[in-house]
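Undergrad: Have a look; sequence and predicted model below, questions after that.
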Number of protein chains: 2
Amino acid sequence: MITPKRPSGFNELLPADQLAFNAMVAIIKMSYEQYGYAPLETPALELAPVLLAKEGGETSKQVYRFSKGDTDLALRFDLTIPLARYAAEHFNELAFPFRRYQIQEVWRAEKAQAGRYRQFYQCDIDILGSKSSMADVDIILAARAALLALGLKGVTFSLSHRGILSGWLASRKLENKITPVLRAIDKLRKFGEKTVADELKASGLKQEEIKDIIKFVNLKGSPRDVIKAMRLLDIKDDRFIKALDELEKISELFKASGVKSNEYVFDLRISRGLDYYTGMVFETYLASDTKIGSICSGGRYDNLLGQYRRDPIPGVGASIGLSRLFSAIKDDLKNGPSNPAQVLIVALGEDVADYSLEVANSLRKHNLNILVYPGFEKIGKALGYADKLGIPLAILCGGNEADKNVVTIKNLKSGKQTTIALAKAAAAIRKLL
Amino acid sequence: MITPKRPSGFNELLPADQLAFNAMVAIIKMSYEQYGYAPLETPALELAPVLLAKEGGETSKQVYRFSKGDTDLALRFDLTIPLARYAAEHFNELAFPFRRYQIQEVWRAEKAQAGRYRQFYQCDIDILGSKSSMADVDIILAARAALLALGLKGVTFSLSHRGILSGWLASRKLENKITPVLRAIDKLRKFGEKTVADELKASGLKQEEIKDIIKFVNLKGSPRDVIKAMRLLDIKDDRFIKALDELEKISELFKASGVKSNEYVFDLRISRGLDYYTGMVFETYLASDTKIGSICSGGRYDNLLGQYRRDPIPGVGASIGLSRLFSAIKDDLKNGPSNPAQVLIVALGEDVADYSLEVANSLRKHNLNILVYPGFEKIGKALGYADKLGIPLAILCGGNEADKNVVTIKNLKSGKQTTIALAKAAAAIRKLL
């Protein structure tokens, strides 16, 4: 006999949680479709040399990579690179701008810790083939719609633009430090100034420069104030000016879309760790829980497809980290049912099994979810089962009911029961639900 | 630059097909929930020694198995063994009879061939913890409901029972040949008598015995006729008698559930290749397409959990092979849209971008799926895009519309367009859809 257990770091849900999780997936799916994103799924396994074309460093170490026969395979570790591969592979079969959502698992061999899993769901949306700020705004609006539809309170988008810090560094003759600075600054919110200062020092920056950089990125506030302060710096770098123009445009379009001014800030500490971002970047925080970090992140990446195509295609996207979000909020969810059935049907003996199935058949035609208890237990045991599953109503079928073509409906919350003609049962049940 | 391609044998869909596929998943999910099965997902990766506890032979070779650090991992190759592991691991947290559905991918390194993929979806339902024929019937009814809801025509369930052939062989002093005979007979429908006869010969059976076995299993027909013919054989083996009783019971309960007599047959050639089945087994065929084989198979397995628990739990289940079914019927599907949007909004210039977003925001409040074209192209290009995606309506927003707070709705099929107040647009759109 073998002990039944999962690999460490791999989560799975009990039925009540799975139902709640699936309800969240359905809401996100609906929101994304409301914004005109089409569903997409890609295979879990990719060719490792294709998937890891641009990867180096930490992500590579976390990838589940192995050979089967002569094939070097890897499980996807995000949904963005597979999208780039998909769009490049099917380029001639797709209409651009190509808009897709993808709600699938990704795998990373991370250190196991609370709320961090080695398999987790991401819910991504991306637009490929548009450089317009309209696309940037569309992505954030669709993600916002999903988060609001989930009932989350105090959702705030923190936006920045890679061009601001890059242009500012260039204006200070630190152009060659852009990549290490962006990577280091990404850790500011999570690990604090000390960590970032150490990392910047290690990359060869002077004490004074480090102080200035940290001071610069700590500037944040209302979009209007940040833009104003930046304009006052009067920096002549093209990237810097373009970045400000784009953020200003995004702010205008947010307003037209009904996004309130307390729903977003410009925060120059947001730089995103991934090298492929080229423009607007953002993270999303819940007012109530800062320890889970960003629940939805993304940005513009205009060169990503260049690894697969001679002509790169501009892109912008967002990703909701659903597994982590779920584990953070699941304690707040009410204890829901662990079965989708609305009614449990119990046959009170083997001789009425056929009648209980007739009743089930009749009620399912009215789009009710009906669970027929598979066996002939004592009533108490069957009702206890309904109670454990959170099924609100039971129908008892005995010989008496079968003879008269009636059913006895028991409300498991109130304990009340009534006997009613089968033909009228569906309507009566609807009233009780 | 790296050529973007997938590993061989791994399928992925273009957006129109993905939408059609997802619609099928939604229908199956709804049907399973109507029968009181709760959703479940298990991790893609399992500990190989746990997953492969009972496996030997062909399946093992097809498993994607590899090590990460010290951990010996394997991608699941079906949804039944992970269910057994899950139920044993969470035994004390679950209510029994435990009923779950699971719609997830499985991975098998099969030889690549048409309609056979190395990653494919299975849609499983199982009941653990009931020995009753009520459970057997429930499983087939729920699978049938899903297949009918998918609009499939001429669905026929072919049922048998492992006890019949086993009991008959025992009565002929061939008890020690039960396993090889069941495995060989499983190939009869697909590969024909010659193949099966050769395999039976290789397992040590005599020419005369082989002839008898093939003659015996070729007996099929209406449930009533098969049962009658079997009873007439007057075989005293307990397994044989119990199997006939159970099939007779199933037949009765089918009748009570509204299953018509042309929807199922008893067919002794059905034996299922997997060793874990112990009772009723079935396969499902479409009248129109025999070459895809069984689209839904399953049966009773009363000892499967014994590998993980001292007290085994009886089980019964079914699995719809959705990927294969989809690839078989997708040519019959009408060419559907490749985007869920109902309306494409086009801003006729950057100065009306904000108005176009106001319009989108207003219409989405009426639960319409709205795609805002992300950019400012010539009208023709934007309308061509709507056409490619199969979006039926476009809204054109120019300066004129913005000034008067109206929208121009264009029906892309008829070419007709009308200008209407924004407040009345949602109702007008609903009429046109």
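TA: It's in.

Undergrad: Only C-alpha atoms from now on, for both contacts and neighbour counts.
TA: Fine.

Undergrad: Please identify the helix or strand for the spatially most central residue of chain A.
TA: Closest to where the C-alpha atoms of chain A average out (C-alpha atoms, centre = their mean) is A:Ile320, at 2.8 Å. Per DSSP states H and E, A:Ile320 falls inside strand A:315-321.

Undergrad: And A:Cys123, by the same measure?
TA: Assigned by DSSP H and E, A:Cys123 falls within strand A:119-128.

Undergrad: how far does that strand sit from the chain's center?
TA: 7 Å (C-alpha atoms, centre = their mean, to the nearest Å).

Undergrad: Check whether A:Val406 really touches A:Thr418, as I assumed.
TA: No: with contact defined as C-alpha atoms under 8 Å, A:Val406 and A:Thr418 do not form a contacting pair (10.2 Å).

Undergrad: who's more crowded, the two?
TA: It is A:Val406, of A:Val406 and A:Thr418, that has more neighbours when counted by other C-alpha atoms under 10 Å in any protein chain shown, with 20 against 11.

Undergrad: Pull the contacting residues for the more buried one.
TA: A:Val406 makes contacts with A:Thr419, A:Ile420, A:Ala421, A:Leu422, as judged by C-alpha atoms under 8 Å, 6 or more residues apart in numbering or on different chains.

Undergrad: Give the buried residues for the helix or strand bottoming out on mean pLDDT in chain A.
TA: Least confident helix or strand of chain A, by mean pLDDT, DSSP states H and E, is helix A:58-62 with a mean of 78. Within helix A:58-62, the residues that count as buried by 16 or more other C-alpha atoms under 10 Å in any protein chain shown are A:Gln62.

Undergrad: From the chain's centroid, how far away is it?
TA: Using C-alpha atoms, centre = their mean, the offset of helix A:58-62 from its chain centre is 21 Å.

Undergrad: I'd like the next helix or strand past that helix.
TA: The element immediately downstream of helix A:58-62 (helix or strand, assigned by DSSP H and E) is strand A:65-68.

Undergrad: any idea of the mean pLDDT in that next one?
TA: For strand A:65-68, the mean pLDDT works out to 95.

Undergrad: Same check on stretch A:191-211?
TA: pLDDT averaged over stretch A:191-211 gives 93.

Undergrad: Endpoints of that stretch, how far apart?
TA: Chord length of stretch A:191-211, first to last residue, is 16 Å (C-alpha to C-alpha, to the nearest Å).

Undergrad: Can you spell out the domain ranges of chain A, please?
TA: With automatic domain parsing as the criterion, the domains of chain A are listed as A:15-152+A:295-332, A:343-432.

Undergrad: nearest to A:Ala229, of these?
TA: Nearest to A:Ala229 among the domains of chain A is domain A:15-152+A:295-332 (21.7 Å), distances taken as C-alpha to C-alpha.

Undergrad: quick one on the thing from earlier: tell me which residues in the strand holding A:Ile320 are buried?
TA: A:Gly315, A:Val316, A:Gly317, A:Ala318, A:Ser319, A:Ile320, A:Gly321.

Undergrad: And for stretch A:328-335?
TA: Neighbour counts over stretch A:328-335 (16+ other C-alpha under 10 Å) mark A:Ala328 as buried.

Undergrad: Likewise for stretch A:87-98?
TA: A:Ala87, A:Ala88, A:Glu89, A:Leu94, A:Ala95, A:Phe96, A:Pro97, A:Phe98.

Undergrad: From the residues you listed, list the ones also adjacent to chain B.
TA: Counting by C-alpha under 8 Å from any C-alpha of the partner chain, A:Ala88, A:Glu89, A:Leu94, A:Ala95, A:Phe96, A:Pro97 from the buried residues of stretch A:87-98 sit close to chain B.

Undergrad: Tell me the buried residues within the contacts of A:Val406.
TA: Buried members of the contacts of A:Val406, counted by 16+ other C-alpha under 10 Å: A:Ile420, A:Leu422.

Undergrad: Can you tell me which of the contacts of A:Val406 is nearest chain B?
TA: Checking the contacts of A:Val406 against chain B with C-alpha to the nearest C-alpha, the nearest one is A:Leu422 at 14.9 Å.

Undergrad: isn't the closest one right next to A:Thr408, touching?
TA: No: in this structure, A:Leu422 is not within contact of A:Thr408 by C-alpha under 8 Å, at 9.2 Å.

Undergrad: neighbours around A:Met224, how many?
TA: One correction, residue A:224 is Arg, not Met. For A:Arg224, using other C-alpha under 10 Å, the count is 14.

Undergrad: One more: A:Lys220?
TA: There are 19 residues near A:Lys220, going by other C-alpha under 10 Å.

Undergrad: repeat for the one 3 residues further on
TA: A:Pro223 is surrounded by 19 other residues when neighbours are defined as other C-alpha under 10 Å.

Undergrad: go on, A:Leu75?
TA: A:Leu75 has 20 nearby residues by other C-alpha under 10 Å.

Undergrad: where exactly do the helices run in the stretch 301-433 of chain A?
TA: Taking DSSP state H, counting those that start in this stretch, the helices of the stretch 301-433 of chain A run over residues A:322-329, A:353-364, A:379-389, A:399-404, A:422-432.

Undergrad: which of those sits most buried?
TA: Sort those by mean neighbour count, taking mean count of other C-alpha atoms under 10 Å in any protein chain shown, and helix A:353-364 sits at the top with a mean of 22.

Undergrad: And it, what does it pack against?
TA: strand A:343-347, strand A:370-372, helix A:422-432, helix B:238-256 (3 or more C-alpha pairs under 8 Å, 6 or more residues apart in numbering or on different chains; DSSP states H and E).

Undergrad: For A:Arg65, find the nearest of the ones you listed.
TA: Across those, closest to A:Arg65 is strand A:370-372 (C-alpha to C-alpha), at 43.0 Å.

Undergrad: before we move on, the earlier item: any chance of the domains of chain A in CSV, with distance to B:Lys291 too?
TA: Below are those laid out as CSV (distance: least, C-alpha to C-alpha, whole Å):
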stretch, distance to B:Lys291
domain A:15-152+A:295-332, 26
domain A:343-432, 32
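
Undergrad: Grab the nearest non-local neighbour of the residue in the stretch 301-433 of chain A positioned nearest to chain B.
TA: Proximity of the stretch 301-433 of chain A to chain B (C-alpha to the nearest C-alpha) peaks at A:Asn369, 3.9 Å away. The shortest distance from A:Asn369 to any non-neighbouring residue, by C-alpha to C-alpha, 6 or more residues apart in numbering or on different chains, is to B:Gln34 (3.9 Å).
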